[in-house]
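1. Below is the sequence, then the predicted model.
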Amino acid sequence: MYSVVPMQVCAYKDGEVIIDTAAGTLGRYDPRPVQPDSLFPVFSATKGITAGMIHWLVDNGILKLDENVASIWPDFGSNGKEHTKVFHVLNHTTGLHNAMGDVIKENPLVMCDWAESLKHIARATPETEPGSEQKYHYLSFGWICGGVIEHASGKRFQEILEEAIVHPLNIEGELYIGIPPGVESRLATLTIDTEDLEGISKYASMHGEAASLNSTDVLSMVSNIPVTFNMLPVRRAIIPAANGHCSARALARYYAALAAAGNIPPPHTGSDPPLGSHPHIPKFLSENDTKKLKGRKNATAATEDSEHSRDRSSRRKGYRAISTHDHDIDDKRKHRTVGGQMFTNPRIHDAFMGVGEYYGDMVIQNGKFGLGFRRFPSGRLASFGHSGIGGSTGFCDVENQFAMAITVNKMSFGGVTRKIVQLVCSELQIPVPEEFSISGDRGPDTQFNLGRTSAPTTA
């Protein structure tokens, strides 16, 4: 029996939307169809967003890549971390790859406490000398970046997310790191592709990982991931390495802008409701508001027309978005984003990938990561992005001005994602990035890293 894998797929070519589609249902026990504005948990694809926030602060002169983290975040400068640089954080070379691992084992929900997590990171001791080895920081990457972002800017993490990415790209309501109340009706629910677990076990055995694990162990370990990340307190938590919730069209638009060195693409078209039409932080009606609404049955036709499309879509999916539009704000946003620029650095691509005369010295040579992004060779180093455990991904190809995002809620070994990327690249006659090629090396999240005992297995 053929079954549709729930997903969204969106792609840009030369700044224009060429694919924007959705399929399947929101969950095993949620038969509502996936919509273009449905919110998927994308795990470590979140890291690419968090990295973009760091680069945005650097581009705005608020911090420097070669600055000591301790000079930005004084509490961090202890236990051998005094000389850890910002570029060490982005390149996964701080030596804190297992930080918080033991704490989370004892109490997984501690990662929902933002302040407590930052305290643990500030007190942590590196396992390797900063800058000496590149070891994937599954969860600690996000908290270290988050501490740097907040201490450098003097603002809350989510304020910078909105200022640097959400508002300029006009993707309000479709990209979060820690969801607000009011968007629950659009959430996709995670499940596991149990048929794929056999492939996971075989892969782990081939690489000498998890040799002592039998199929029951693997099933138990992997099944715990959706159980944990489907919990509402976890979804609402700020976990900048693993807890992004977004639509594929929002993530693809982000990478389309990165592919163009920060040039913001034209307004997204082709799917309903329009991207950016949701209030980013939903408002709730008070009793007085309800009474006022009852008295507005004869509202002007102009107001009804402006809200008709979004209200109709919302009612069809079983929820109602409350308008918070301020037309003056909308006009300013439109003026700022059409033809706008997220970055001014002419070498921003070198910064993302950790290449070139200046940025090349900040990364481990021939490492899988640049400065916050996974490097995807495709003949030559021109592609970068980040994938998450289970198959969601976002990436771009600078040379071909191509960007793509895929979101899935049926977690698998990444095979479906690979096939889609291969198909689209084949049709466009552009190289397939190494991570998605038939023989390419799978990224650390796709491998599930089952052999680790001290590091978290979720990312």
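-> Alright, I've got the coordinates.

2. Report the contact partners of H55.
-> Neighbouring residues of H55 by CB atoms under 8 Å, 6 or more residues apart in numbering: 343, 348, 351-352, 371-372. From N, CA and C alone the C-beta is placed, and that goes for glycine too.

3. so what pLDDT did T337 get?
-> Each residue has a pLDDT score; the one for T337 is 42.

4. again, but for S271
-> For S271, pLDDT reads 89.

5. and it, how many neighbours does it have?
-> Neighbourhood size, S271 [other CB atoms under 10 Å]: 18.

6. now it: how far from V69?
-> Per CB to CB, to the nearest Å, S271 is found 41 Å from V69.

7. I192 too?
-> Counting by CB to CB - I192 and V69 are separated by 37 Å.

8. helix or strand for G394, which one?
-> strand 393-397 (DSSP states H and E).

9. tell me, what residue is most central in the protein?
-> T46 (2.3 Å; CA atoms, centre = their mean).

10. Please name the nearest non-neighbouring residue to that one.
-> G244 (3.3 Å; CB to CB, 6 or more residues apart in numbering).

11. And that neighbour, how close does it get to I149?
-> Taken as CB to CB, the span from G244 to I149 is 15 Å.

12. Which one of the two is surrounded by more residues?
-> Per other CB under 10 Å, whichever of G244 and I149 has more neighbours is G244, with 33 against 26.

13. where along the stretch 301-450 of the chain do the helices fall?
-> Under the criterion DSSP state H, counting those that start in this stretch, helices of the stretch 301-450 of the chain are mapped to 301-316, 327-337, 348-353, 356-359, 415-428.

14. Any regions of this structure where pLDDT drops low?
-> Applying pLDDT under 70 to the chain picks out residues 1-3, 194-222, 285-339, 378-381, 414, 438-459.

15. need the strands for the chain, in chain order.
-> 7-13, 16-23, 25-27, 30-33, 40-41, 175-177, 191-192, 244-246, 374-375, 383-387, 393-397, 402-408, 410-411 (DSSP state E).

16. CA-only coordinates of the fourth one, as CSV, when you get a sec.
-> The reference is to strand 30-33. Extracted in CSV, the C-alpha atoms of strand 30-33 (Å, rounded to 0.1, in the frame of the first residue of the first chain):
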residue,chain,number,x,y,z
ASP,A,30,-4.2,14.3,13.0
PRO,A,31,-5.9,13.7,9.6
ARG,A,32,-5.9,17.4,8.6
PRO,A,33,-3.8,18.0,5.4
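
17. Sheet-wise, list the partners of that strand with their directions.
-> strand 25-27 (antiparallel) (DSSP bridges).

18. one step back: the more surrounded of I192 and V69?
-> V69 (27 against 19).

19. Touching, that one and I144? I think so.
-> Yes - the criterion here is CB atoms under 8 Å, and V69 meets it with I144 at 7.3 Å.

20. overlap in contacts of those two?
-> Common neighbours of V69 and I144 (CB under 8 Å, 6+ apart) are 76, 89.

21. Enumerate the positions of stretch 16-26 that are buried.
-> 17-20, 22, 24-26 (16 or more other CB atoms under 10 Å).

22. Next up, the contacts around Q341.
-> Contacts of Q341 by CB under 8 Å, 6+ apart are 262-264.

23. got TSV for the residues you listed, with distance to I160 too?
-> Output for the contacts of Q341, formatted as TSV (distance: CB to CB, whole Å):
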residue	distance to I160
G262	16
N263	21
I264	18
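
24. I would like a ChimeraX command selecting only the buried ones among those, please.
-> In ChimeraX, this line selects whichever of the contacts of Q341 come out buried by 16+ other CB under 10 Å:
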select :262,264
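
25. Near C246, how many residues? Count them for me, please.
-> 29.

26. That one: what's it in contact with?
-> 39-40, 42, 171, 174-176, 407.

27. Show me just the buried residues among those.
-> 39-40, 42, 171, 174-176, 407.

28. Make a markdown table from those residues and add distance to P233 to it.
-> Formatted as a markdown table, the buried ones among the contacts of C246 follow (distance: CB to CB, whole Å):
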| residue | distance to P233 |
| --- | --- |
| L39 | 16 |
| F40 | 18 |
| V42 | 18 |
| I171 | 25 |
| E174 | 22 |
| L175 | 20 |
| Y176 | 15 |
| T407 | 22 |
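
29. Alright, that wraps it up for me.
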